[in-house]
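Asker: Curious how this folds, go ahead:
(one chain, ligands or ions: 1)
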Amino acid sequence: MLGRLAKWLRLAGFDVLYSNRFSDDELIEISNRERRVLLSRDTRLLIRKSVRAFIFIDSEDIQKQIRIVFEAMHISSLGSPLSRCLSCNEMLVEASRDSVRELVPEFVYSTQLRFKLCPACRKIFWAGTHRSAVVRTLQRLLPQQGD
Ligand SMILES: [Zn+2]
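Answerer: Down below sits the predicted model:
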């Protein structure tokens, strides 16, 4: 249910584990074992005694969801935007321009200088205008200093 939020938080550079295949028990077990904060819209899940750290996402609006997380986690700056794979959460590694030549559209190759590669799923990422706009949006959603 929170797949979009997971992608946005990964874009912001945060370590976000997401799958809609986990059962409630698995979600609780994994978040406790890996000391993760459980994000959910499901109050029945969050009131269970075994849940240690959670944020209740009380909105369907993506921007409000991001704001809820930033405020609850006291996040005042973006960690390292565009550093994680949006699909599998792995840390991206630098890839040389030569090595991605055959793998990205010609327009992208000719306009971008820096590329990153996901070591797990082999997807290639570059900054691009869309992603820069997303980072600016994320920055606007950060809690204001002194709030
Ligand atoms: Zn990946």
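Asker: and the nearest residue to Ala120 once chain neighbours are set aside, how many neighbours does it have?
Answerer: Spatial nearest neighbour of Ala120, excluding adjacent residues (CB to CB, 6 or more residues apart in numbering): Glu90 at 4.4 Å. Placement of C-beta: from N, CA and C, glycine included. Close neighbours of Glu90, defined as other CB atoms under 10 Å, add up to 15.
Asker: these two touch, right, Glu90 and Arg122?
Answerer: No - using CB atoms under 8 Å, Glu90 makes no contact with Arg122, being 10.3 Å away.
Asker: so where's this structure uncertain?
Answerer: Along the chain, segments meeting pLDDT under 70 span 145-147.
Asker: Pull out the buried residues from the lengthiest helix in it.
Answerer: Ranked by residue count under DSSP state H, the longest helix found in the chain is helix 128-141. For helix 128-141, burial by neighbour count (16 or more other CB atoms under 10 Å) applies to Val134, Val135, Leu138, Leu141.
Asker: ok, Ser99 - how many residues close by?
Answerer: Neighbour count for Ser99, taken as other CB under 10 Å: 12.
Asker: got it, and Ile62?
Answerer: Applying other CB under 10 Å, we find 15 other residues in the vicinity of Ile62.
Asker: Would you mind putting the buried residues of helix 128-141 into TSV with distance to the ion alongside?
Answerer: Shown next, in TSV, are the buried residues of helix 128-141 (distance: CB to the ion, whole Å):
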residue	distance to the ion
Val134	17
Val135	19
Leu138	20
Leu141	24
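Asker: ok, the residues you listed vs Lys64, which is closest?
Answerer: Relative to Lys64, the closest of the buried residues of helix 128-141 is Leu141; by CB to CB it sits at 9.0 Å.
Asker: Please look at that closest one and Phe70 and confirm they touch.
Answerer: Yes - between Leu141 and Phe70 there is a contact under CB under 8 Å: 6.1 Å.
Asker: The protein against the ion: which residues are in contact?
Answerer: The chain has residues Cys85, Ser87, Cys88, Cys118, Ala120, Cys121 near the ion, with proximity defined as CB under 5 Å from the ion.
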